[in-house]
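**Student:** heads up, no residue letters with this:
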């Protein structure tokens with residue numbers, strides 16, 4: 001009984017050390033790579049927010065990967081100055097979100113918020 005209790009305690013200690021190590025490594029990486037000062041283009045700010053919001057949702061891995069792939073491609077297009085490509089990609093993202101909403105793999109309110117922000121980003125791209 002004492003041996004099994006010792007094993008449980010050791011696992012807990014190792015798990016705690018691992019968590020501390022991960023936190024310290026993350027802090028070191030953050031210090032080595034300061035955050036980007038931010039996008040100059042307002043559409044890029046909307047796309048960055050969409051990326052953050054999509055990543056924060058508890059989505060199935062394939063859905064999250066599809067959303068982020070489309071949004072990162074839109075961000076790349078904006079960085080290269082190709083606003084028409086970015087608009088197409090943002091419209092594609094809105095269609096993807098509607099499909100996931102229809103399949104009930106995403107709450108309606110979360111989907112509507114993503115679609116609304118994507119539409120604002122599309123309008124912002126159109127003004128440039």
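**Tutor:** Looks like it arrived, so ask away. Here the structure is a predicted model, which means the values were calculated and not measured.

**Student:** ok, which stretches of the chain are helices?
**Tutor:** 2-32, 42-56, 61-79, 83-102, 108-127 (DSSP state H).

**Student:** what angle do the second one and helix 83-102 make?
**Tutor:** On the basis of axes from the mean of the first three to the mean of the last three C-alpha atoms, to 10 degrees, helix 42-56 is oriented at 30 degrees to helix 83-102.

**Student:** In helix 42-56, which residues are buried?
**Tutor:** Residues of helix 42-56 classed as buried by neighbour count (16 or more other C-beta atoms under 10 Å): 42-44, 46-48, 50-51, 54. C-beta here means a position set from N, CA and C on the backbone, and glycine is covered the same way.

**Student:** cool, stretch 79-96 as well?
**Tutor:** Applying 16+ other C-beta under 10 Å to stretch 79-96 flags 83, 85-90, 92-94, 96 as buried.

**Student:** what does it contact?
**Tutor:** 43-44, 47, 50, 66-67, 70-71, 73-75, 77-78, 114-115, 118-119, 121-122, 125-126, 128 (C-beta atoms under 8 Å, 6 or more residues apart in numbering).

**Student:** And those, which of them are buried?
**Tutor:** Buried, going by 16+ other C-beta under 10 Å: 43-44, 47, 50, 66-67, 70-71, 73-75, 77-78, 114-115, 118, 121-122, 125, out of the contacts of stretch 79-96.

**Student:** For residue 47, which non-adjacent residue is spatially closest?
**Tutor:** Distances taken as C-beta to C-beta, 6 or more residues apart in numbering put residue 75 closest to residue 47, at 4.8 Å, once the chain neighbours are dropped.

**Student:** will you turn the helices of the chain into JSON lines that also has mean pLDDT?
**Tutor:** Shown next, in JSON lines, are the helices of the chain (pLDDT from 0 to 100):
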{"stretch": "helix 2-32", "mean pLDDT": "60"}
{"stretch": "helix 42-56", "mean pLDDT": "93"}
{"stretch": "helix 61-79", "mean pLDDT": "94"}
{"stretch": "helix 83-102", "mean pLDDT": "95"}
{"stretch": "helix 108-127", "mean pLDDT": "91"}
